[in-house]
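Visitor: Please work out how this folds:
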Amino acid sequence: MNVNTLKIKLKKASSNEDYEKIAHQLMNEKKNYFFTKKFSNNATNKYNEFLIYIAKKFHVSTKEVGIIGSGKYGFSLNPRKNFKIYDEESDIDMVIISLDLFNKFWEILFINFMLKDDLREFAFNKSFETIFKRFVDVKLSDKILASEFYSKWLEETNSYKIDLQSDYDFPSEIGYRIYRSWSDYKITLILNLKKLSKIIKGGA
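Guide: Just a heads-up that it's a prediction; the model follows:
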């Protein structure tokens, strides 16, 4: 689905069923913008190879990992970026579906927040917002994830980054979003689509 097609669909959308249908179409999109741009006719094989590599590293199945955002579609679905087209300065965002990883990150964030003297920071921190939406944005939470587990995570993902840059020409910035389930990811996607629809219709 290209950006113009999505805009038309969002302009027409009026019910939860409409947004859920659009989200379903986006999630089942087979084409991957980044890999198509880099590897042209060999994009599918390269992307499958990448999925196997990432799934093995995070101990999940290939159905529980993938690229999201502008790296997948060629444009951003973040309402704050307003359909920004993928360019050479864009980063790559990966989704990892893992209840185990989510729980480990949630526990670290919870403990670190509870140790703070001023709990008002907890209420207004973006990490709290993402946890409430049932996912962890590792890059967003970087400054408050101090722990032995997170140190090991950084060490391992930095080594993966070297492989991804070498084998697939990935950019220097790679983001990880940890979701409990694809259903939780779909909820976040629908919320973003509704915000984008409102922007298109002139309501924001």
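
Visitor: where does the chain have low pLDDT?
Guide: For the chain, the stretches with pLDDT under 70 are 112-133, 139-147, 203-204.

Visitor: go with 50
Guide: 123 (pLDDT under 50).

Visitor: and the helix ranked longest in it, what does it pack onto?
Guide: Scanning the chain for the longest helix, with DSSP state H as the assignment, gives helix 148-168. Contacts defined by 3 or more CB pairs under 8 Å, 6 or more residues apart in numbering; DSSP states H and E place helix 148-168 against helix 43-58, helix 99-114, strand 174-179. For every residue, glycine as well, the C-beta is placed using N, CA and C.

Visitor: Is it correct that Val95 falls within a strand?
Guide: Yes - the assignment for Val95 (DSSP: H, G, I helix; E, B strand; the rest coil) places it in a strand.

Visitor: Quick check: it touching Lys63?
Guide: No - using CB atoms under 8 Å, Val95 makes no contact with Lys63, being 11.4 Å away.

Visitor: The helices and strands packed on helix 148-168: which one's closest to Phe35?
Guide: helix 43-58 (4.3 Å; CB to CB).

Visitor: Give me the sheet partners of the helix or strand following that closest one and which way each runs.
Guide: Later in the chain than helix 43-58, the nearest helix or strand by DSSP states H and E is strand 65-68. If you go by DSSP bridges, strand 65-68 pairs up with strand 92-97 (antiparallel).
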